[in-house]
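Novice: Using only what follows, build the 3D model:
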Amino acid sequence: MTDAPKLIFLGTGTSVGVPVIGCDCGVCRSVDPRNRRLRSSVVLRAGAVSLLVDSGPDLRAQALREGLRELDGVLYTHSHLDHVAGFDELRAFCWRRSAPLPLHGTAECLETLKIMFAWAFSPDNAFKGYVKPDPKVVEGPFHYGDLRVTPLPVEHASVATIGYQFEYPGMRRLAYLPDVKRIPVDTLRLLRGVDVLVVDSLRTTPHPTHFSLDEALAAAAEVGARETWLTHLGHENDHAELSGRLPAGVRVAWDGLKVLLEDA
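Specialist: Numbering: from 1, shown residues only. Got it, this is the predicted structure:
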């Protein structure tokens with residue numbers, strides 16, 4: 001891949017997705033395709049590098065929709081099921097490579113993956129059709145060629161959770177925070193002046209472990225984000241209605257959205 005850098009939204013939904021099973025609300029019955037939200041995940045493409053952030057339960061459908069064939073690595077934000085349950089689908093991305101697939105995450109997250117998918121991490125995993133993981137504990141910034149990836153620790157429920165910041169020559173600085181309730185001071189410093197912020201905005205009313213709309217807008221204003229995209233959206237959010245009342249520079253993401261990141 002050598003196209004202009006871009007962010008592809010594989011999914012923009014909360015843990016149960018939209019439509020919600022058994023729900024007859026207006027959003028769940030909406031014919032607007034932007035109101036159909038698979039579980040939150042993105043792919044970043046920069047130069048020849050293609051990185052997946054989180055392997056949620058909808059990964060197979062998302063990969064088929066976007067024509068994903070190859071990945072250079074997977075970055076995990078945390079170990080909640082809606083971010084890891086598609087782990088087995090990573091087999092398809094191991095078939096086309098001889099080296100193990102790098103998996104980046106906190107020590108806590110990687111340990112959980114090893115328990116959940118013990119067969120993949122076992123030394124007896126010799127069959128070439130299986131996932132071949134190369135676990136890498138995220139302890140600070142790391143690189144894929146010229147792409148610099150910086151972990152962004154945040155608070156979300158009771159699990160160790162991180163977002164990621166991406167920097168690449170000629171690319172606008174991008175931060176991805178899909179699950180967050182509070183941004184620590186040190187992380188706020190890293191985010192100051194970010195060009196593109198993708199942030200959790202579960203619903204308009206307060207939630208104990210996720211940003212509400214007001215909290216997401218306040219965070220975007222505090223860090224001075226030049227462009228903000230709202231994600232991890234529940235069925236309380238109608239795309240058109242929500243879009244019509246957002247401040248300048250803030251927009252609602254949707255599944256399949258591609259944001260070009262080339263620095264003008």
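Novice: can you tell me how far the closest residue to Asp214 other than its chain neighbours sits from Trp119?
Specialist: Counting by Cβ to Cβ, 6 or more residues apart in numbering, Asp214 lies nearest to Thr204, which is 7.6 Å off, once chain neighbours are set aside. No exception for glycine: its C-beta is placed from N, CA and C like everyone else's. Thr204 sits 42 Å away from Trp119, going by Cβ to Cβ, to the nearest Å.
Novice: Likewise for Tyr130?
Specialist: 7 Å.
Novice: repeat for Leu233
Specialist: Leu233 is 34 Å from Trp119, where distance means Cβ to Cβ.
Novice: cool, Ser158 as well?
Specialist: Distance from Ser158 to Trp119, by Cβ to Cβ: 27 Å.
Novice: of those two, who's got more company?
Specialist: More neighbours surround Trp119 than the other of Ser158 and Trp119, with 12 against 7 (other Cβ atoms under 10 Å).
Novice: how far away is the more buried one from Arg91?
Specialist: As for Trp119, its distance to Arg91 is 11 Å (criterion: Cβ to Cβ).
Novice: Could you tell me which residues touch both of those two?
Specialist: Among the neighbours of Trp119, those also in contact with Arg91 (Cβ atoms under 8 Å, 6 or more residues apart in numbering) are Tyr130.
Novice: Ala157 - how many residues pack around it?
Specialist: Burial of Ala157 is recorded as 13 neighbouring residues (other Cβ under 10 Å).
Novice: how about it, secondary structure?
Specialist: Following DSSP: H, G, I helix; E, B strand; the rest coil, we place Ala157 in the coil state.
Novice: ok, it - contacts?
Specialist: His80, Asp179, Lys181, Thr209.
Novice: Adding pLDDT and distance to Arg148, write those out as CSV.
Specialist: Formatted as CSV, the contacts of Ala157 follow (pLDDT from 0 to 100; distance: Cβ to Cβ, whole Å):
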residue, pLDDT, distance to Arg148
His80, 98, 26
Asp179, 98, 22
Lys181, 98, 26
Thr209, 97, 29
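Novice: how about those residues, which pair is most distant?
Specialist: Based on Cβ to Cβ, the longest span within the contacts of Ala157 runs between His80 and Lys181 and measures 13.0 Å.
Novice: Tell me if I am right that Glu241 is in a helix.
Specialist: Yes. Membership of Glu241 in a helix is supported by three-state DSSP.
Novice: Roughly how far does Thr106 sit from Leu152?
Specialist: Between Thr106 and Leu152 the distance is 12 Å, computed by Cβ to Cβ.
Novice: Now list whatever residues contact both of those two.
Specialist: Residues touching both Thr106 and Leu152 (Cβ under 8 Å, 6+ apart) are Ile162.
Novice: Point out where the protein drops to low pLDDT.
Specialist: For the chain, applying pLDDT under 70 flags the ranges 1-2.
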